[in-house]
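Undergrad: Attaching a predicted model along with its sequence, questions to come.
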Amino acid sequence: MDKQAVIDMEQQYVLGVYGRAPFVLARGEGSTLYDSEGRAYIDCVAGIAVNALGYHDSGIQQAIYEALGSGLLHVSNLYHTEPHAQLARFLCETSFADRVHFCNSGAEATEGAFKFARRYARAHGGDEKVEILAFTNAFHGRTMGALAATPRPKYQDPFKPLMPGVRFAEFNNLESARAQMDDKVCAIIVEPVQGEGGVHVATPEFLAGLRHLAGNYGALLIYDEVQCGVGRTGSLWAYQGYGSAGDGADFAPDILTAAKPLAGGLPIGAILMRQKVADALHKGDHGSTFAGGPLVTHVAQHVVWRIAQPEFLAAVEAKGKLLRELLEEINSPHIREIRSKGLIAGIELDLEAARVIEQGYARGLLLVNAGPNVLRLIPPLVISEQEIRQVAAGIEEILQTL
Ligand SMILES: *Cc1c(COP(=O)(O)O)cnc(C)c1O
């Protein structure tokens, strides 16, 4: 089908909530996407931090074929399956967690985490302990509960009333968090690296302080690692990149949410938790029809196992350093600040990021923003050094024309 025909059909029949690029994607290979007219784009978006192993990955394809071989795309959570159990075990063995609950997306993981936190507080006598502390520039999803903890008027205002019981403090400001804390707070939710909100990296002092604060008030600490988890920052879980022990032990949360890259492009979410949280939840308290099906969990196991290899994570860290160095070498008056950790980088500009993104399309470069003025780079974790150099050169050229 002709490109314009596809775009016209989509515009006639599909709800117009997305602004889409002016081409039709047709295929992918590694970190490169091709449109229907054969034009190549180096992908620094990765399906919004989803396609960690890039496109056309032979290991993922093989995992899909293996799973198909059983004939089970889906079975209900009324029944046991091996991939479901194996993935849960692997996630626990590679993190602070004792138990896992699967869901289908990041927003659903946020919803589950909030429900579990309230359930836990009630189980410990806190009938009034229902409030959630979240932070400025946070993004936790677009369903009603998650949206209430995502303080952007553009996302929230048209859909009010929101879920009550959410309060906010300033990100990376421990005093501000302290001022908002009291016995009514059942959970603190924070992204160790904020993604959509502009790529802001939590300081070790901030996370350690929240860890203490939550403990002091008997509240649960929730890390939203939907975007920064699963290798993105150079450690399997972002919190593991904090602290001297190299495993983030002192920074470990009570609940951690994961989703985007977890199954390499198939939809899945996961809520990791400590035993004490699991102990507060009982049969029938929560659930989902699709969650943790045998196909998606088998593929996720393959993806997480690959990313958890020390050599893979070391490569992410090295490529993140290279990307950071190259971005810092860009000589442009439009750059206000560069923020990054591993392979998530934000370039704060003095102009609309959309202008750079549009120029990128013409130059074979896919970029995304994080707020109006921040250009966000979240490429596949398998991007090569050569491609990183091309990306940095492309951004520099674009900024020189603006
Ligand atoms: C994308 C994102 C979500 C929401 O995930 P969906 O799968 O789009 O619902 C939640 N939290 C963070 C940090 C995210 O980046």
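TA: Arrived safely, thanks for sending.
Undergrad: ranges for the strands of the stretch 51-200 of the chain?
TA: Using DSSP state E, counting those that start in this stretch, the strands found in the stretch 51-200 of the chain span residues 99-103, 131-135, 166-169, 185-190, 193-194, 200-201.
Undergrad: of all those, which lies closest to the ligand?
TA: Of all the strands of the stretch 51-200 of the chain, strand 193-194 sits nearest to the ligand, with 7.4 Å by CB to the nearest ligand atom. Backbone N, C-alpha and C define where each C-beta goes, glycine included.
Undergrad: Tell me where the model's unsure across the stretch 251-400 of the chain.
TA: By pLDDT under 70, the stretch 251-400 of the chain has no low-scoring segment.
Undergrad: what's the first-to-last distance across stretch 163-173?
TA: Stretch 163-173 has an end-to-end distance of 25 Å (CA to CA, to the nearest Å).
Undergrad: For whichever residue of the chain sits closest to the ligand, grab the count of nearby residues.
TA: The ligand sits closest to G106 of the chain, with a gap of 2.1 Å, by CB to the nearest ligand atom. Counted with other CB atoms under 10 Å, the neighbours of G106 add up to 29.
Undergrad: Sort out which residues of stretch 164-178 are buried, please.
TA: For stretch 164-178, burial by neighbour count (16 or more other CB atoms under 10 Å) applies to 165-166, 168-169, 171-172, 174, 177.
Undergrad: and what of stretch 289-309?
TA: Buried residues in stretch 289-309, counted by 16+ other CB under 10 Å: 291-308.
Undergrad: Let's see which of the residues you listed end up in helices.
TA: Judged by DSSP state H, helices contain the following of those: 294-308.
Undergrad: residues contacting the closest residue to I60 other than its chain neighbours?
TA: Excluding the flanking residues, the one nearest I60 by CB to CB, 6 or more residues apart in numbering is G264, at 4.8 Å. Residues near G264 by CB atoms under 8 Å, 6 or more residues apart in numbering: 50-53, 57, 60, 299-300, 302-303.
Undergrad: quick check, nearest of the residues you listed to A208?
TA: When those are compared for distance to A208 (CB to CB), A52 wins out at 27.7 Å.
Undergrad: Pull up the gap between that closest one and Q240, please.
TA: The gap separating A52 from Q240 is 16 Å, by CB to CB, to the nearest Å.
Undergrad: do G19 as well
TA: G19 is 35 Å from Q240, by CB to CB.
Undergrad: and those two? which has more neighbours close in?
TA: Counted by other CB under 10 Å, G19 and Q240 do not tie: Q240 has more neighbours, with 23 against 6.
Undergrad: For the chain, which residues are neighbours of the ligand?
TA: 105-107, 110, 139-141, 191, 195-196, 224, 226-227, 259-260 (CB under 6 Å from any ligand atom).
Undergrad: Could you export the strands of the stretch 51-200 of the chain to TSV, including columns for mean pLDDT?
TA: Formatted as TSV, the strands of the stretch 51-200 of the chain follow (pLDDT from 0 to 100):
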stretch	mean pLDDT
strand 99-103	98
strand 131-135	98
strand 166-169	98
strand 185-190	98
strand 193-194	98
strand 200-201	98
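Undergrad: Let's have these in CSV, adding distance to D285.
TA: Converted to CSV, those look like this (distance: least, CB to CB, whole Å):
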stretch, distance to D285
strand 99-103, 10
strand 131-135, 18
strand 166-169, 21
strand 185-190, 15
strand 193-194, 30
strand 200-201, 34
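Undergrad: Out of the ones you listed, the one nearest E29 is which?
TA: Across the strands of the stretch 51-200 of the chain, closest to E29 is strand 193-194 (CB to CB), at 28.2 Å.
Undergrad: just to revisit the earlier point, tell me which two in the buried residues of stretch 164-178 are the farthest apart.
TA: G165 and N172 (23.4 Å).
Undergrad: mind listing the helices for this protein?
TA: With DSSP H as the criterion, the chain has helices at 3-13, 46-49, 58-69, 82-93, 106-123, 144-148, 153-156, 174-180, 204-216, 275-278, 294-308, 310-329, 353-362, 385-401.
Undergrad: And those: which comes nearest I255?
TA: Checking the helices of the chain against I255 by CB to CB gives helix 106-123 as the closest, at 5.0 Å.
Undergrad: Dump that closest one to PDB, restricted to CA.
TA: What follows is helix 106-123, C-alpha atoms only, in PDB (Å, rounded to 0.1, in the frame of the first residue of the first chain):
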ATOM      1  CA  GLY A 106       3.500   0.100  33.000                       C
ATOM      2  CA  ALA A 107       0.400   1.900  34.100                       C
ATOM      3  CA  GLU A 108      -1.100  -1.400  35.300                       C
ATOM      4  CA  ALA A 109       2.100  -2.000  37.300                       C
ATOM      5  CA  THR A 110       1.600   1.400  39.000                       C
ATOM      6  CA  GLU A 111      -2.000   0.600  39.700                       C
ATOM      7  CA  GLY A 112      -1.100  -2.700  41.300                       C
ATOM      8  CA  ALA A 113       1.700  -1.200  43.300                       C
ATOM      9  CA  PHE A 114      -0.700   1.400  44.800                       C
ATOM     10  CA  LYS A 115      -3.300  -1.300  45.600                       C
ATOM     11  CA  PHE A 116      -0.700  -3.400  47.200                       C
ATOM     12  CA  ALA A 117       0.600  -0.500  49.300                       C
ATOM     13  CA  ARG A 118      -2.900   0.300  50.600                       C
ATOM     14  CA  ARG A 119      -3.500  -3.400  51.200                       C
ATOM     15  CA  TYR A 120      -0.300  -3.600  53.200                       C
ATOM     16  CA  ALA A 121      -1.100  -0.500  55.300                       C
ATOM     17  CA  ARG A 122      -4.600  -1.800  56.100                       C
ATOM     18  CA  ALA A 123      -3.200  -5.200  57.000                       C
END
